[in-house]
Structure formats: structure tokens, C-alpha cells
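J.: quick one, fold the following:
(2 chains)
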2 protein chains.
Amino acid sequence: MTAEPGVGLGPSAVESVLTRYRDLTMARLLSDIPDSAEDELYSLVRDYPSRSGKGLRPALCLAVCRALGGDIEKAIDSAVAIELTHNAFLILDDVQDGSEMRRGAPTLPAEYGLGVAVNVGSATNLLALQHLMANRWALGPNLAWAILQESALMMRHSLEGQAIEVGWIRNNACDLVDDDYYRMCMKKSSWYTCIHPCRVGALVAEGKHRATARFDRYGCYLGAAFQIQDDLLNLTGHYSRYGKEISGDLREGKRTLVLIEYMRRCTAAQRARMERFLGRTRAARTEDEVRWVRDELLASGCVETVRARARALADEAHREALKAFDDNPDSEDKQFLLDLPYYMVERDS
Amino acid sequence: MTAEPGVGLGPSAVESVLTRYRDLTMARLLSDIPDSAEDELYSLVRDYPSRSGKGLRPALCLAVCRALGGDIEKAIDSAVAIELTHNAFLILDDVQDGSEMRRGAPTLPAEYGLGVAVNVGSATNLLALQHLMANRWALGPNLAWAILQESALMMRHSLEGQAIEVGWIRNNACDLVDDDYYRMCMKKSSWYTCIHPCRVGALVAEGKHRATARFDRYGCYLGAAFQIQDDLLNLTGHYSRYGKEISGDLREGKRTLVLIEYMRRCTAAQRARMERFLGRTRAARTEDEVRWVRDELLASGCVETVRARARALADEAHREALKAFDDNPDSEDKQFLLDLPYYMVERDS
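T.: Numbers count the residues shown, from 1 in each chain, chains lettered A, B, ... in the order given. Modelled structure (predicted):
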């Protein structure tokens, strides 16, 4: 029997596994970016990956592969592709949102303009595709193709999830319920952040003969816990730890679980004022208004409610991991996957 | 022996082949876009392809396939992927350039904002990938993989070419020579517009046993003739025919062959004034200045020089086609490919 909540590896052990797999992935990722004697394309492709993120997605892929007895050397190109795809999303998100800061430094569009940023984002996606194509030599054509298909499916969910979120902002959706959020979150975040890395790690370890979908529930709960904590940090975090503009989500009018909870609880007058705020364009939202919205949300008690929801999701993810890895022997990787949900909701960056 | 310049099918016959292949490609392209009950993602993916373009790229792919004795039904997924990739470039170009109009209607970013436009561009690229993956069933895994590799190579050239052009604008390059332009143009335009469609059409018709590179010189000259004519139309065309903002390239500071020719011929005073104009950001370039630059270029005689250059490139492309298709029997498709260079440089839209 594996550890119960809170008696696993603890945050520092989770962090050390994350760091190890991140460093492994980053070394391969950076060494495979072409040299750029003549233009800024490839040197800028290095920029975001070099701003040290947590490396959560490649770590999930590699840890699942190893926990199932697989060889991580065979999963490394897929892990690099996952991390590159994530960085391409970040670049294009910063273009879409007009964000100023990312991981403690100016965003690519803020520093180099839209033209350069869009091009670097596309090149980052292309490099991800090239790593998926390199799988053909290490894994054979059939498994390489299966992982390519998983990657296309992941892109589809991510873009559809993004379209849902952007559509809510554009159409000023004010009557959302929790299930709307969870569905959007599953498509926009959980799939590419958790479900896809687990599926690919399992494919590399076991081939196509076992159901790679047995980690989907784990990935779904884990991804929701991760995204909700991200939303909370955007609202309550410290800039020096978090690296993004605090309240950026409010400025962009994002529909978070805290906002949905507030809209359910608030008075008619508060609701009318919030709907007016949400109905404006980003450029028309003043800093005073953003501060008012933030104060309202913090005073409402909704943050605590949503934080408890994230902890419950972490418990669910932990239980799902216990089931999914029941047949596999205890290992550091398995323990990492069991403990990761709690790390997700306790992190402050 | 096939026709000499000017005694081939003539423009209306070229147009009728273009139209036939465009309609065939569009029917498949549009029918394979998922229905979008709940969000605007897929309905907006339909938008640009539905604004009737010339369909040059899929027509090249299908005509080469058929001129070599291939079955165009086997090339149609690749042709659709090529047209989708082109549309994704258009969307992201409009995001990068801040363009207002495209094919006679507002651009996606102008009408729906950056967030929606970037997402629709990404979804368009994803649909292209899905068509390339569908090749596996019609063409087998090896040929499907070869076409996927060609597509990755095409993306690489296009993004590197785009980076060169964007870099010139950012760094205010004012000492470019014709060869700089031709190299950028080969990577940014010719590869995806001509070389890649020809290579893919040949791969489908002949498999991997013949050198698909034997059309590269044709594609290179044809693409340069096409791009130069596009630059000329942007400077001298009529909005009602051309569908884009006239002088948009000047507003963006693009380094066209006309501009490079002008910088070589002009006086020191003209050059200093032009360098100041080019050194400003797009937003800082006034309409009066754009009009001055346009008048300068038109009065300089450079347009006529460059137009003659495009005609010479069309002659080269025609000669290369004669060589490349020497072994193949005369056919409507072969004649179309021989005549296409002249159509390229004579078109007014």
C-alpha cells in the first residue's frame, strides 16, 4: 500500500524529481534548437524555455513512463515536444492577452512586437513537431504515429478549450456554473498539462496494447487542481514568486471559479457592477476597477471555498493514481505521481 | 514540343484550370471542418478559405500530380493541407501586420480581436496536420510520412524567411541587394507557394523513387515572379481588384525589390529621407509620408525595371517547366504549368 495524503515524499522530494526531469528535458530541448547565425528566430525560441519553469509536463510524461517500467530515454523526445508545445502556447497567450510580464521578465510581444512573437511561437511549434517525428527512429513508425495522433488530439482539446474561454469574454458570459468551468478547464488546461503527458508516457512504456486512458481521471483531477491554484495565485500571489502580473486574469476578464462563485453569492447591486466591469474591453478596464473587483473577491470568502475545492480535487487525483498504478511496484516515480496533487495545491509559484 | 511564351492556353484557360482545382479543394476542405454547435472556433476557420482566393497552391499540387500521370484523388488531402496552411499564414500575417482588410473584407483580428484570430490560426494549422495524417490511409505509412517531412521542411523555410523579413524591418536594413531579396523570397514565399506543392504532387504521383527536387528550379522562379507581382499590385493595384490595402507594404516597411532598386538609384537626400521613414515604427508612419514614398517609387522608374525582372523570371520558370516535364506527354495540366508563369505576372488581382 502506498502513502496516505501528507505522508509521502513531501514538497521538497516532489521538487527534486521535478527539477531532475526538467533539467534532463531542458538539456535536450536547448541542444536541439538550431544555431542562428543570421537572424533572431532560433535565439528567441530559446528565450521562454530558458526562463526556468517548473517543467511539470515533461516530468509527468517521464515519471509515468518510468513508473510503468519504461525507458525514459525513449520518452525524452516526446517530453521535449510537450515542453515546446507548452512554450508555444505561452507565447501565443501573451500575444492574445497583451501580457507584459512572464516568469519575471518582459513577454516576447512586449519586448519584440507581435510580428516576432507570432513567428517565434510558430517556430516553437515546428520544433515540437520535429521532435515527434524523431520518435520514428527510437520507437518505430507505429508508436511514433500513435504519439503524433495523441498530440493532434491534445491540440484539438486545447484550442477548443481556449475558444470556449475567449468566447465567454467576448460574449460577456455572466451565468456560468461550476461545470462550465470544469469542462473548459479540462479541455484548455488538463488535457495538455496532465492527461496528454500521462498518455504519452504510458504509450512509450507499454506500447498500444494497454489502455492509455486509465490515467485520464488522474490527469483530469490533477489538471483542475493545478489550474485552480494558478487562478488563485493570480489573485492572491506575490509578484516576486509568481512572475506574472497579479490580477492579470481580472484585467482580461477571465471566468475563474472564484468569479463564478462570487456571481452566485453576491447582491444584485454587486452583480450589476461586476457585469458592467466584465462587459468592457480590456483596454477600458481601469486599475481602480480591477482593484475594486479584487477586493470584492477577497472579501467575499469565495477564495477559501475554491481553495477547499482544489484540495478535494487533489485528494481525488491521489485516489485515482492509487488505482491506476495498483499493479506497479513502489518506486520514487510512483510516489512522485501520488504526491504531486498536494504539491500542486500548496505551491506558491 | 510544347507552346512558346504567349502561345499556350492563355489567361482564361489558366483561370479555368485554377478554378476547377480550387473548387475541388474547397469542397473537400469545407466539408471536413467540424461543425461548431457551441463556439466560434470552427465557423471562423471557414472564414478565410471561403473568401474566394485563386487556389494557386492546391492547383499546382494537383496539376503536377496529374501531369505526371498520378491520381488526384490521392493528392487531395495534401492539397487541402497546403491551402489550410496558406490560410493559417494569412491569419497570422494579419495579426503580425495589424492589417485591416483581406480579400475585400475585414481581417479576423480587426473584426474579432487578437485572441480569436490567433486561436483560429492555430486551429487552421491543426486541421492541415489532420489532413496530412489522413494520407496514411490513402497513401500508406511511408509516403504519408515523406509528405509530413516535406511539410515540416516547408514550415521551416517559411518561418525562417519570415524571420529574415521581420528582422530587416526591426533593424532598419537599408543596404540590401537583389540577392538578399531573392533569398528571403525563396524561403518566405516560393517554398510554400510553389516548390512544396510541386514536390508533394510529384511524391503522390511517383512515390519516393524519382527525385522530387527536379521541380525546385521551376518553383523557385515561379514563386519569385508571383511574389514580385504581388508586391507590385500592393503598390500600383486597385483596391477593388486586389482586396488588400494599397501601400500596406509601405506602411509596414517591407523591403520589396522596388524599394531596394530605389535605394540604389536615389540621391543622398532622397535616401536620407527614406531611411528616416523606414526607421520609424508602423504606428509613427503618417499617411502623408506613405503617399510621398509611393509617389517617389512610382516616379523613379523602378516599377518598370522590376516588372521587366518579373517577366524574365516567368520566362525562366517556363523554360524550367519544359525541362522538368520533358518526359511527360502533353496534357491540359502540363500546359497549365507551362503557362502559369505568364499568368502570374499579368494578373491584376
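J.: element containing A:A173?
T.: Following DSSP states H and E, one finds A:A173 outside all helices and strands.
J.: what number of residues are in the vicinity of it?
T.: A:A173 has 16 neighbours, counted by other C-beta atoms under 10 Å in any protein chain shown. Backbone N, C-alpha and C define where each C-beta goes, glycine included.
J.: measure it to A:M263 for me?
T.: Distance, A:A173 to A:M263, by C-beta to C-beta, to the nearest Å: 10 Å.
J.: how close does A:D348 get to A:E206?
T.: From A:D348 to A:E206 the distance is 36 Å (C-beta to C-beta).
J.: nope, A:R251 is what I was after
T.: For A:R251 relative to A:E206 (C-beta to C-beta), the value is 44 Å.
J.: same check on A:D93?
T.: Counting by C-beta to C-beta - A:D93 and A:E206 are separated by 33 Å.
J.: for A:K323, same thing?
T.: In terms of C-beta to C-beta, A:K323 sits 17 Å off from A:E206.
J.: so those two - more neighbours on which side?
T.: Taking other C-beta under 10 Å, A:K323 and A:E206 do not tie; A:E206 has more neighbours (15 against 10).
J.: chain neighbours aside, what residue packs nearest to the more buried one?
T.: Among residues not flanking A:E206 along the chain, A:L68 sits closest, at 5.9 Å (C-beta to C-beta, 6 or more residues apart in numbering or on different chains).
J.: list phi and psi for that neighbour.
T.: Main-chain dihedrals, A:L68, degrees, to the nearest 10: phi -90, psi 10.
J.: then A:A105?
T.: phi -140, psi 160.
J.: quick one: residues contacting the nearest residue to it once chain neighbours are set aside.
T.: Distances taken as C-beta to C-beta, 6+ apart place A:R51 nearest to A:A105, at 6.2 Å, with adjacent residues excluded. Applying C-beta atoms under 8 Å, 6 or more residues apart in numbering or on different chains to A:R51 gives the contacts A:R102, A:R103, A:G104, A:A105.
J.: after the worst-scoring helix or strand of chain A on mean pLDDT, which helix or strand is next?
T.: The helix or strand of chain A with the lowest confidence, counting by mean pLDDT, DSSP states H and E, is helix A:239-242 at a mean of 61. Next in sequence after helix A:239-242, counting helices and strands by DSSP H and E, comes helix A:248-252.
J.: report the buried residues of stretch A:94-105.
T.: Neighbour-count burial for stretch A:94-105, counted by 16 or more other C-beta atoms under 10 Å in any protein chain shown, picks out A:D94, A:V95, A:Q96, A:D97, A:G98, A:S99, A:M101, A:R102, A:R103.
J.: meant to ask about stretch A:129-141
T.: Result for stretch A:129-141 [16+ other C-beta under 10 Å]: buried residues A:L129, A:Q130, A:H131, A:L132, A:M133, A:A134, A:N135, A:R136, A:A138, A:L139.
J.: what is the helix or strand hosting A:E83 packed up against?
T.: Using DSSP H and E, the element containing A:E83 is helix A:72-97. Taking 3 or more C-beta pairs under 8 Å, 6 or more residues apart in numbering or on different chains; DSSP states H and E as contact, the helices and strands that helix A:72-97 lies on are helix A:10-31, helix A:47-50, helix A:56-67, helix A:108-139, helix A:141-170, helix A:196-206, helix B:114-170.
J.: quick check: buried residues in that helix?
T.: Within helix A:72-97, judged by 16+ other C-beta under 10 Å, the buried ones are A:72, A:75-97.
J.: for chain A, what are the low-confidence residue spans?
T.: A:1-9, A:37-39, A:239-245 (pLDDT under 70).
J.: residue most distant from the centroid, it?
T.: Relative to the mean C-alpha coordinate of chain A, counting by C-alpha atoms, centre = their mean, the farthest residue is A:A269 (35.1 Å).
J.: who in chain A is up against chain B?
T.: Residues of chain A lying close to chain B (C-beta under 8 Å from any C-beta of the partner chain) are A:38-41, A:92, A:95-98, A:112-116, A:118-119, A:122-123, A:125-126, A:129-130, A:133, A:136, A:141, A:145, A:148-149, A:152, A:155-156, A:159-160, A:162-164, A:166-167, A:169-170.
J.: got a ChimeraX select line for the buried ones in the residues you listed?
T.: Buried residues within the residues of chain A next to chain B, by 16+ other C-beta under 10 Å, are selected in ChimeraX with:
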select /A:39,40,41,92,95,96,97,98,112,113,114,115,116,118,119,122,123,125,126,129,130,133,136,145,148,152,155,156,159,160,162,163,164,166,167,169,170
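J.: just give the nearest non-adjacent residue to the residue nearest to the spatial centre of chain A, would you?
T.: Against the mean C-alpha coordinate of chain A, by C-alpha atoms, centre = their mean, the closest residue is A:T193 at 4.4 Å. Distance criterion C-beta to C-beta, 6+ apart; nearest residue to A:T193, sequence neighbours excluded, is A:G223 at 5.1 Å.
J.: let's verify the one you found: helix, strand, or coil?
T.: helix (DSSP: H, G, I helix; E, B strand; the rest coil).
J.: count of neighbours near it?
T.: When neighbours are counted by other C-beta under 10 Å, A:G223 comes out with 27.
J.: before we move on, what about the one 3 residues further on?
T.: Burial of A:F226, expressed as a neighbour count using other C-beta under 10 Å, amounts to 26.
J.: name all residues that make contact with it.
T.: A:F226 sits in contact with A:L56, A:S189, A:S190, A:T193, A:C194, A:M344, where contact means C-beta under 8 Å, 6+ apart.
J.: for the residue of the stretch 151-300 of chain A found nearest chain B, which non-adjacent residue is closest in space?
T.: Relative to chain B, the nearest point of the stretch 151-300 of chain A is A:A163 (3.8 Å; C-beta to the nearest C-beta). Nearest residue to A:A163, sequence neighbours excluded (C-beta to C-beta, 6+ apart): B:L41, at 3.8 Å.
J.: and the one you found, what is it in contact with?
T.: Here B:L41 is in contact with A:L159, A:E160, A:A163, B:N119, B:V120, B:A123 (criterion: C-beta under 8 Å, 6+ apart).
J.: cutoff 10 Å now
T.: A:156, A:159-164, A:166-167, B:33-34, B:116, B:119-120, B:122-123 (C-beta atoms under 10 Å, 6 or more residues apart in numbering or on different chains).
J.: just the closest of the residues you listed to A:G201, please.
T.: Minimum distance to A:G201 across those is 20.0 Å, recorded for A:R156 (C-beta to C-beta).
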